[in-house]
Structure formats: C-alpha cells, structure tokens
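A.B. asks: coordinates only, no sequence provided:
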C-alpha cells in the first residue's frame, strides 16, 4: 500500500464538522478542499495559522493535494514566526481573514458555497509524502523542525483509534482543547477523527464552561482531547459535562489522582498518550490503573538499557526517548524520570540547564538557577528561578528574559536573593535550593 | 463592596494566583493584563478563571461577547465579576 485516503469511513452526508450555518458533511468538505486546491499560490510550503480547526483541516488537505508541506508553528509569537519564515524562505501563510502575518504573502480561505461532492472522490495521498513540519521550541524559542510524512500521521491515527475501539458507531465527535498546530493536536484532534469517520468540533475551548458548551454542541458522545491543565480546570470547576465516551490527555504527565477524579466526575475512562514531537504518539495507558505504557501497534523499541529509542516503518531512523524509561515487558515500559534536566510545560520541552544559561547571560546577573517546583498532584505550570543580581529589579530581569526565552518558561516566582546555597565544590544541591525557594517564598508573601 | 475595593481584591487575587512578583497595589487598573502589560498568557487566563469561579462563583466563558473586554484590564475584570458574581 503506497497511498492512504485523505479521509476514511464517511458517507457523503455524514457530518464532518459544524460551521455557523450548521453541520458540514464529508461531501461538502471534499468540495471545500477541491475549491481551495486551485486557488493556493505556488510555493513549496505553507504556514497554516487558521484558528478554526475545520478551516485548518481544509487548508492542510488542499496543501497536501498540491504537494505542499504545512508548517506548524508552536505559537503565533511574531519572533517565532519570523524565525520559521526566515529558515523556510519559500512559503506563504494561510491566515484568518484580516489577520495576516507581516512580511509574509498571506491568503485567507475563500468564503465557501455549500456544494457537496456526493461522488466522494477522496484524494489519495502517497504515504511517503512529506506533509507537515512540527516545530518544537526548545528553551530558547529557537524552532527545531520535525518532519512528518502522511504515512506517519495515518499510522498513528489508525493505531490510536484501534487501541481505544473508536468507531462512528460508538461515538460521534472529537472535541479538543489542544491547538491543532501542535503535534499531539494534529494527531488526536485532526487525524484521529478524519481517519475514523468522526466529526470534529471546529473550536478550541479554553475555559471549563467552553468545554461544556462544545460538548453540548456536538450533541452526541464525544472524545475529549485535552491536557492535564485543562482537565484539572474542568474537575475543579465542578461542572456537569455532557456524556463523554473517552478523555484523551497528553502533553505533560497526568497525576493518577487527577485522572481518578476526572473518571468519577465525567463517567468516562481517561487515557493518556505518551509522545514527543520527534516521533509523534508512541504509547498509551489508562492512567488510573497502569503505570506502564503500552506501545502503539506500529512502534517498537530499539537500543538497550539505558539508551532506548523508538522505531517504526514511518520514522526515518530510531529516535531516542526524551525521558529515561525501563522496559517492563513485551512492548511495555515505565517512565523513570526526566532525561537529565528536561522539563515540559504545556507541551513545550526545555532543559533547566539551557534556561539557566540564558538567565546567567543577562547583564548584571551574578548567579542564578531555574528550579522545578514540586506541585504534588497539580500539573506543572510554571518554573521558579532564583537570581543574584544586586541593583537589578524583577522587572529588569523579566524584561531581559523576554528577549531570550519562550514565554511559557518565564519563572514565577522569580526570587531575588543575596546568594545561592552552593556547596564547597560550587554545585547547587537540589535540597538546598528547595529550602531557599521555600524560605524566600514564605518571606516574600 | 465598592468597585474600587473589588478592584483591589481582584488585583490581590491575580498576584496570588499567578505568583507574580508584583505588588498588587501597583497594578494600574486600566493597564493591559495580557501581552505587553502584565504579560499574562492563556495558561494564566485558565488559572485565573478557576480562582474567579471559586472566589466569586462566576464561570468565565469565551463565547461571552465581552470576553476580550473582560480580560483586557483589572478594571474591566472587576466590573465583569461584579456583574456576574454569585457569591
């Protein structure tokens, strides 16, 4: 098999999404794509910044049909976009109407009629075709490209669907709080529905009440694709959600306690996906009853203790795990901890060492360190930093950091201290740092 | 409670919830909370919405036509809380 269809398991009148004027069928989707294909400019790649998940999909599909690669930036921060455009010169932007990117030729989606391709001429896309580049930000916001083939996306979507028994008969739609320009978002909120004949909610609910309304709008059992942060918010808000078939969480580790509360409150299993931008989704588990991760069908382990990699037919080479793992059985592993000093905040990975280096480069900073606070069951949302910088204010340091690191890694709190508790060899023991942070936080509040 | 007193209370809630190293009394009531002002982002908006729901019983939602206005400054946030609070 060298091709796979753009969408699978839909009849022409099956709902693929909802727009302001009502449901949009798979046949109408194919018409929307066909119409856009002809009007796209002739560039090798496209920065797809469309905020509606459905419009994003139409743009992504049309670009594939034209043989164009879709670039997926992690944020719309002007600096990030400038860098991506700088390094991928020959590209244009697909942007929301009235929201173009400065310095980039941009097109908006044409307003669409309601034609439907009832003959269902579904485009076939070659599996080896490179269709997307997901950028990971690293500590500095310097985007690193991760190239994805159509085969990789289709394989992960099919294996995820079969792992959880997702069929149009069992559930109706996917509602997602994650951005579709993120690797997990692309896999779970775009590819998963279109490869299983499911509908997708076009929005990106943020607040718990938004999530509730989105689930209500699809009027049927849904898969909620989310993150520990959003899930915690939904649990704490105490809302009554419409029936959910399953909750799928990724981007940062989900505490078992939170998974248990979410299962009880929403009467649905909470499954977690382990993945990273370089390899995509790799394994899953039901968080309440398993520490172990079960690998997706097409993925295998390569290497040996302690240096494990994942490999799959669709990956160009084995790719090292970003975490330390222990293989516990056939195609099963446990995550032992973060590799070296890696942190993951809202799906952005960075190393504490890199961040600390950036901190020390700031004029007037004599010493300093980023610190990973203990959050108990709550997902990690912010790092802490301690800084020795006589004569400088919080604002001085924040302003300087803003120029060098990705905003998700801005430290809160940022503690100004007279000195760091380094030992005689100049090292900074974690325990001493933890005590300092505790004392300083208590002192300042 | 007067709007001014509520503004102060909300400023303290923002600083406490988001662990800002800013003295709450220095937050200008009309300065931008997000972007260039206090520099908050969507993770902060989510955290803040939880604190607001717990403290005032007001469930913030994006479909509210005034949502952008609500989160634009301390003053407008305090006004929205005043209007929608259930406790």
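C.D. replies: Cool, got the structure. Note that the structure is a prediction, hence the values are computed from the model and not measured. Numbers count the residues shown, from 1 in each chain, chains lettered A, B, ... in the order given.
A.B. asks: what bridges to the residue nearest to residue B:33 when sequence neighbours are not counted?
C.D. replies: Sequence neighbours aside, residue B:40 is the residue nearest to residue B:33 in space, at 5.3 Å (criterion: Cβ to Cβ, 6 or more residues apart in numbering or on different chains). Where C-beta positions appear, they are placed from N, C-alpha and C, glycine not excepted. On DSSP bridges, the residues paired with residue B:40 through beta bridges are residue B:34.
A.B. asks: residue B:40 against residue B:27, yeah?
C.D. replies: No: using Cβ atoms under 8 Å, residue B:40 makes no contact with residue B:27, being 11.2 Å away.
A.B. asks: could you check which of the two has the larger neighbour count?
C.D. replies: residue B:27 (22 against 19; other Cβ atoms under 10 Å in any protein chain shown).
A.B. asks: burial measure for the closest residue to that one other than its chain neighbours, as a count.
C.D. replies: Spatial nearest neighbour of residue B:27, chain neighbours left out: residue B:11 (4.8 Å); criterion: Cβ to Cβ, 6+ apart. When neighbours are defined as other Cβ under 10 Å, residue B:11 has 22 of them.
A.B. asks: tell me the SS of residue B:11?
C.D. replies: With DSSP: H, G, I helix; E, B strand; the rest coil as the basis, residue B:11 sits in helix.
A.B. asks: was I right to think it contacts residue B:24?
C.D. replies: Yes: contact between residue B:11 and residue B:24 holds when scored by Cβ under 8 Å: they sit 4.1 Å apart.
A.B. asks: coming back round to it: from residue A:208, how far off is the residue nearest to residue B:33?
C.D. replies: Residue B:40 is 18 Å from residue A:208, where distance means Cβ to Cβ, to the nearest Å.
A.B. asks: try residue A:412
C.D. replies: Residue A:412 is 22 Å from residue A:208, by Cβ to Cβ.
A.B. asks: so between the two, which is more surrounded?
C.D. replies: Counted by other Cβ under 10 Å, residue A:412 and residue A:208 do not tie: residue A:208 has more neighbours, with 27 against 16.
A.B. asks: show me where chain B has its helices.
C.D. replies: Taking DSSP state H as the criterion, chain B carries its helices at B:3-17, B:42-56, B:67-70, B:74-84.
A.B. asks: so what's residue A:103 up against?
C.D. replies: A:82, A:85 (Cβ atoms under 8 Å, 6 or more residues apart in numbering or on different chains).
A.B. asks: give me the element it is part of.
C.D. replies: Using DSSP states H and E, residue A:103 falls within no helix or strand.
A.B. asks: how about residue A:69, nearest residue that isn't a chain neighbour?
C.D. replies: residue A:45 (4.3 Å).
A.B. asks: also residue B:86?
C.D. replies: Looking at residue B:86 with Cβ to Cβ, 6+ apart, the closest residue is residue B:57, at 3.5 Å.
A.B. asks: do the same with residue A:56
C.D. replies: Using Cβ to Cβ, 6+ apart, the nearest residue to residue A:56 is residue A:50, at 4.3 Å.
A.B. asks: which stretches of the chain have low pLDDT?
C.D. replies: Since no chain was named, I'll use chain A. Counting by pLDDT under 70, the ranges of chain A that qualify are A:1, A:137-142, A:338-340, A:377, A:443-445.
A.B. asks: actually, chain B is the one I wanted.
C.D. replies: If you take pLDDT under 70 as the line, chain B has these spans: B:36-37, B:39.
A.B. asks: redo that, cut-off 50
C.D. replies: Counting by pLDDT under 50, chain B contains no low-confidence range.
A.B. asks: tell me which residue in it sits closest to chain A.
C.D. replies: residue B:61 (3.9 Å; Cβ to the nearest Cβ).
A.B. asks: if I pick that residue, what's in contact with it?
C.D. replies: A:207, A:209-210, A:213, B:67.
A.B. asks: is it possible to get TSV of those that adds distance to residue A:405, secondary structure and neighbour count?
C.D. replies: As requested, the contacts of residue B:61 are exported to TSV (distance: Cβ to Cβ, whole Å; DSSP: H, G, I helix; E, B strand; the rest coil; neighbours: other Cβ atoms under 10 Å in any protein chain shown):
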residue	distance to residue A:405	secondary structure	neighbour count
A:207	27	coil	28
A:209	32	helix	22
A:210	29	helix	24
A:213	35	helix	17
B:67	29	helix	17
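A.B. asks: from chain B, how far off is residue A:180?
C.D. replies: Look at residue A:180 and chain B: by Cβ to the nearest Cβ, to the nearest Å, they are 15 Å apart.
A.B. asks: returning to that earlier point: tell me which residues touch the residue nearest to residue B:86, please.
C.D. replies: B:85-87.
A.B. asks: can you pull the residues of chain B lying near chain A?
C.D. replies: Counting by Cβ under 8 Å from any Cβ of the partner chain, chain B comes close to chain A at B:16, B:18-22, B:39, B:41-43, B:45-47, B:49-50, B:53-54, B:59-63.
A.B. asks: buried among those residues? Make that a ChimeraX selection.
C.D. replies: Entered in ChimeraX, the line below selects the buried ones among the residues of chain B next to chain A, by 16 or more other Cβ atoms under 10 Å in any protein chain shown:
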select /B:18,19,20,21,39,43,45,46,47,49,50,53,59,60,61,62
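A.B. asks: which stretches of the stretch 151-300 of chain A form strands?
C.D. replies: A:173-176, A:199-200, A:222-226, A:244-249, A:270-276, A:280-286, A:293-295, A:300-304 (DSSP state E, counting those that start in this stretch).
A.B. asks: can you pull the contacts of residue A:219?
C.D. replies: Counting by Cβ under 8 Å, 6+ apart, residue A:219 has contacts residue A:172.
A.B. asks: separation between it and chain B?
C.D. replies: From residue A:219 over to chain B (counting by Cβ to the nearest Cβ), the distance is 16 Å.
A.B. asks: again with residue A:160
C.D. replies: For residue A:160, the distance to chain B - Cβ to the nearest Cβ - is 26 Å.
A.B. asks: so that residue touches residue A:281, yeah?
C.D. replies: Yes: assessed by Cβ under 8 Å, residue A:160 is found in contact with residue A:281 at 6.2 Å.
A.B. asks: give me the common contacts of those two.
C.D. replies: In contact with both residue A:160 and residue A:281: A:187-188, A:273, A:296, using Cβ under 8 Å, 6+ apart.
A.B. asks: thinking again about what came up before, which secondary structure element is home to the residue nearest to residue A:56?
C.D. replies: With DSSP H and E as criterion, residue A:50 is part of no helix or strand.
A.B. asks: the residue lying closest to residue A:121 once chain neighbours are set aside in helix, strand or coil?
C.D. replies: Nearest residue to residue A:121 in three dimensions, chain neighbours excluded: residue A:30, at 6.6 Å (Cβ to Cβ, 6+ apart). For residue A:30, the assignment made with three-state DSSP gives helix.
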